[in-house]
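>>> Fold the following.
(one chain, ligands or ions: 1)
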Amino acid sequence: MVRIHTNPESAEAYRGLSPGRPLALGSVVSAVHQQPNGDAGPVLAMVKGADGRWTYVATDSSGYLDPDADLGLCARCHEEAPCDGLFGPRFVTGEESSFPPTP
Ligand code: HEC
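Residues are numbered from 1 along each chain as shown. The predicted structure is shown next:
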């Protein structure tokens, strides 16, 4: 199970995400995972910098930055995403998904 959060200013834009309508600079989008037993899972987040590029962040399930996360891999997948580096709400079912994706 995964919940997506954004900064309040970008929530509307994320909901209406479509190609050619990028999120504003400074946007934050996070995917908060929950394990099947209800415990907290990892949090994967993306922050859009002043240069318009996304920075990727990953925590482990205890909420600490995950030193083993391969952030280069995040970028590789998300550069292929349909809208501004994002897959968007259409792809996030809210049900148990295949996330975290296996390369
Ligand atoms: C194998 C491809 C792949 C990799 C690697 C990957 N992602 Fe994703 N990501 C996806 C897909 C597909 C979705 C759409 C949601 C889903 O499938 O649950 C997604 C959704 C997201 C979302 C929700 C926002 C959106 O609409 O795109 C965030 C935030 C996110 N990923 C962050 C990360 C971070 C941080 C990493 C690296 C630690 C990462 N992702 C690695 C494919 C990938």
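
>>> Show me what the top strand by length along the chain is packed against.
The strand spanning the most residues in the chain, taking DSSP state E as the definition, is strand 40-48. Other helices and strands packing on strand 40-48, by 3 or more Cβ pairs under 8 Å, 6 or more residues apart in numbering; DSSP states H and E, are strand 28-34, strand 54-59, helix 71-78. Quick note: C-beta positions are derived from backbone N, CA and C, even for glycine.

>>> how much space is there between Ala81 and Asp51?
18 Å (Cβ to Cβ, to the nearest Å).

>>> And for Phe91?
Distance from Phe91 to Asp51, by Cβ to Cβ: 26 Å.

>>> Which one of the two is surrounded by more residues?
More crowded of Phe91 and Asp51, by other Cβ atoms under 10 Å: Phe91, with 11 against 7.

>>> Okay, and the beta partners of Ser30?
With DSSP bridges as the criterion, Ser30 is bridged to His5, Ala45.

>>> Contact partners for it?
By Cβ atoms under 8 Å, 6 or more residues apart in numbering, Ser30 lies in contact with 4-6, 43-46.

>>> Who wins on neighbours among those?
Leu44 (23 neighbours).

>>> thought that residue was touching Val28?
No: counting by Cβ atoms under 8 Å, Leu44 does not reach Val28; the two are 11.8 Å apart.

>>> Ala13 belongs to a strand?
No: with DSSP: H, G, I helix; E, B strand; the rest coil as the criterion, Ala13 is located in helix rather than a strand.

>>> Grab the nearest non-local neighbour of it.
Closest residue in space to Ala13, ignoring its immediate chain neighbours: Leu23 at 5.3 Å, by Cβ to Cβ, 6 or more residues apart in numbering.

>>> What of Asp84?
Closest to Asp84 by Cβ to Cβ, 6+ apart is Pro22, at 3.9 Å.

>>> element containing the one you found?
Element membership for Pro22 (DSSP states H and E) is empty, with no helix or strand holding it.

>>> That one contacts Ala81, doesn't it?
No: the criterion here is Cβ under 8 Å, and Pro22 misses it with Ala81 at 11.6 Å.
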